[in-house]
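Asker: Build the 3D model from these lines:
(3 chains)
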Amino acid sequence: MSSSSANRDHTYCRKEKSLSLLCTNFLKHCDRDGVETIGLDEAAAKLGVERRRIYDIVNVLESVGVLSKKAKNQYSWKGFEGIPKALEELQGKALRETCGHSAVNSYDCTKGLDDDGNAEDENLLVPSRGELRRECSNLSSDLNGDSLSCSHSSKVKADNRKEKSLGLLTQNFVKLFLTANVDTVTLDEAARLLLGDSNGSSMLTNNSAAKVRRLYDIANVLTSLNLIEKTQQIETRRPAFRWLGYNGKPDNAATFSTRAPNDQSKKRVFGSDVTNLDLVKRRPICTMDEKPIRVQMKSKDPSAQKQSNQMQQQQPSSKGYDFGPFRPVLQDREKAMKSTQNCKAMASSHRPQYRNQALSELFAHYSEAWKSWYMEVTQVNNLKPERKAIH
DNA sequence: CGCTCCCGCCATTAC
DNA sequence: GTAATGGCGGGAGCG
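Answerer: Here you go, the predicted structure:
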């Protein structure tokens, strides 16, 4: 089907094919009157693209709560209002993970903490050490060509696959902004972070180079959601992405608008304006009129909780999030808030001095995991670390 | 010329 | 078995 590539006429323009544009159109297509479910075929046909592209879009949209899979070929439209909730959950999870990894078995800790009852999905988004280890064995069997022959290899393989999924990558990418106080990040930095590449080299490994491609995809759809925007690092002039956060329906998808066009706080930054890391040089660029606000999710010291309760010094809205016109229903919000709160408490008791170390913590976690992973691979199986180093 | 990222092959997973 | 999903990386467009 779709001989579209055959008759690519002279007017072919790459931009018209971009994922972000496609996503914008997709959103427009979905965000209408009585739309509740979306058929992939239908959408693909309507937008004139092959299904494959729809999968890309749908996966990242699902990760931020705009859609959810309903059945084969069917997604249900949750709308932009789904975003804040999803972000909160993401944040909560991320916090739990961070606090969990200091405990012996982070996995259980994480599970036990899931208090908002939601059968919300599944996976630890930041791989725990155990998971990395599992992946390691999988990886080695990949490389060895089955020398390992594990009984549960299929399960492991599935995990591995899932771990590389666009959806998961999206969530991890978002979590970078939500928890690490990162405001602006370049994609290769993100790739390194999300990959757990702890080597200081400035070179991208094959693997992370591949991941960067995926991040471009993700960034493109998040851009069309207006969750992030493309900017530039100030010193290096390198292109980077900057977190805007949820501000209601993206302008470009507006069919009806509840949202005041003046929107005083166009930019909403997660975390404060504090520059908290030197590893990642980051610098918000462009418009300076932004209002630095919102979730103060890291408690830096014992009194932090108290402080977080009175964080409205930063912003008027009561709960820390400033959702704009599309806010979740109250109960949901409160529930979510409560769980986040709990996490906060947990987090602060586990590690009293977060704050600006947040990212380095994250780094530490990754590199630690990576290190043990690496050692295991190299010693036990004496393999090379690179996935496809062999020809 | 390097950054972006479209495109579609083909492995996996679902049915 | 077929169909649905989606990882993945080659290589083309673009600044």
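
Asker: For chain A, list the residues in contact with DNA strand C, please.
Answerer: Residues of chain A lying near DNA strand C by CB under 7 Å from any atom of the strand: A:12-15, A:40-41, A:51-52, A:55, A:58-59, A:72-74, A:161-162, A:164-167, A:210, A:213-214, A:388. No exception for glycine: its C-beta is placed from N, CA and C like everyone else's.

Asker: Just those residues: which are in helices?
Answerer: A:40-41, A:51-52, A:55, A:58-59, A:161-162, A:166-167, A:210, A:213-214 (DSSP state H).

Asker: quick check: mean pLDDT across the helix or strand containing A:K85?
Answerer: If you go by DSSP states H and E, A:K85 is part of helix A:82-100. What helix A:82-100 shows for mean pLDDT is 85.

Asker: circling back to that earlier point, buried only: go through the residues of chain A next to DNA strand C for me.
Answerer: Buried members of these, counted by 16 or more other CB atoms under 10 Å: A:40, A:51, A:58-59, A:166-167, A:210, A:214.

Asker: Lowest pLDDT pick from these?
Answerer: Where pLDDT dips furthest among those: A:A210, at 82.

Asker: and A:K69, how many neighbours does it have?
Answerer: 13 (other CB atoms under 10 Å).

Asker: Alpha carbons of stretch A:223-230, in CSV - could you do that?
Answerer: Taking Å, rounded to 0.1, in the frame of the first residue of the first chain, the C-alpha atoms of stretch A:223-230 are listed here in CSV:
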residue,chain,number,x,y,z
THR,A,223,7.5,20.1,21.3
SER,A,224,4.2,20.0,19.5
LEU,A,225,2.6,19.4,22.8
ASN,A,226,4.4,22.5,24.0
LEU,A,227,5.9,20.6,26.9
ILE,A,228,9.3,21.5,25.8
GLU,A,229,10.8,24.0,23.4
LYS,A,230,13.9,24.0,21.4
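
Asker: That one: which residues count as buried?
Answerer: By 16+ other CB under 10 Å, the buried positions in stretch A:223-230 come out as A:223-229.

Asker: end to end, how far does stretch A:62-77 reach?
Answerer: Chord length of stretch A:62-77, first to last residue, is 9 Å (CA to CA, to the nearest Å).

Asker: Is any residue of it near DNA strand B?
Answerer: Yes - contact between stretch A:62-77 and DNA strand B, assessed by CB under 7 Å from any atom of the strand, occurs at A:71-72.

Asker: Please list the outside residues in contact with that stretch.
Answerer: With CB atoms under 8 Å, 6 or more residues apart in numbering as the contact definition, stretch A:62-77 has outside contacts at A:27, A:30-31, A:35-41, A:58, A:61, A:78-80, A:82-87, A:89, A:166-168, A:170-171, A:174, A:222, A:225, A:227.

Asker: Please pick the buried ones from those residues.
Answerer: Among these, the ones that count as buried by 16+ other CB under 10 Å are A:27, A:30-31, A:38, A:40, A:58, A:61, A:78-80, A:82-87, A:89, A:166-168, A:170-171, A:174, A:222, A:225, A:227.

Asker: returning to that earlier point: find the pair from the buried ones among the residues of chain A next to DNA strand C with maximum spatial separation.
Answerer: With CB to CB as the measure, no two of these lie farther apart than A:L40 and A:A210, at 25.3 Å.

Asker: Which residues does the helix or strand containing A:A44 contact?
Answerer: Element membership for A:A44 (DSSP H and E) is helix A:40-47. Here helix A:40-47 makes contact (CB under 8 Å, 6+ apart) with A:22, A:25-26, A:29-30, A:50-51, A:53-55, A:58, A:73-75.

Asker: let's see 10 Å
Answerer: For helix A:40-47, the external contacting residues (CB atoms under 10 Å, 6 or more residues apart in numbering) are A:2, A:21-23, A:25-26, A:28-30, A:38-39, A:49-55, A:57-58, A:72-75.

Asker: Test my guess that A:V174 contacts A:L215.
Answerer: No - A:V174 is beyond contact range of A:L215, at 11.5 Å (criterion: CB atoms under 10 Å).

Asker: Could you pull out the residues contacting both of the two?
Answerer: Joint contacts of A:V174 and A:L215 (CB under 10 Å, 6+ apart) are A:L222.

Asker: Next, A:K70: secondary structure please.
Answerer: strand (DSSP: H, G, I helix; E, B strand; the rest coil).

Asker: roughly how far apart are it and A:A219?
Answerer: The gap separating A:K70 from A:A219 is 26 Å, by CB to CB, to the nearest Å.

Asker: Quick one: low-confidence residue ranges for the stretch 51-200 of chain A.
Answerer: A:99-154, A:195-200 (pLDDT under 70).

Asker: and it, which of its residues are near DNA strand B?
Answerer: Residues of the stretch 51-200 of chain A found near DNA strand B (CB under 7 Å from any atom of the strand) are A:52-53, A:71-72, A:154, A:157-158, A:161, A:187.

Asker: from these, which single one is nearest A:T236?
Answerer: Of all these, the one sitting nearest A:T236 is A:L187; the distance, using CB to CB, is 13.0 Å.

Asker: Thank you, goodbye.
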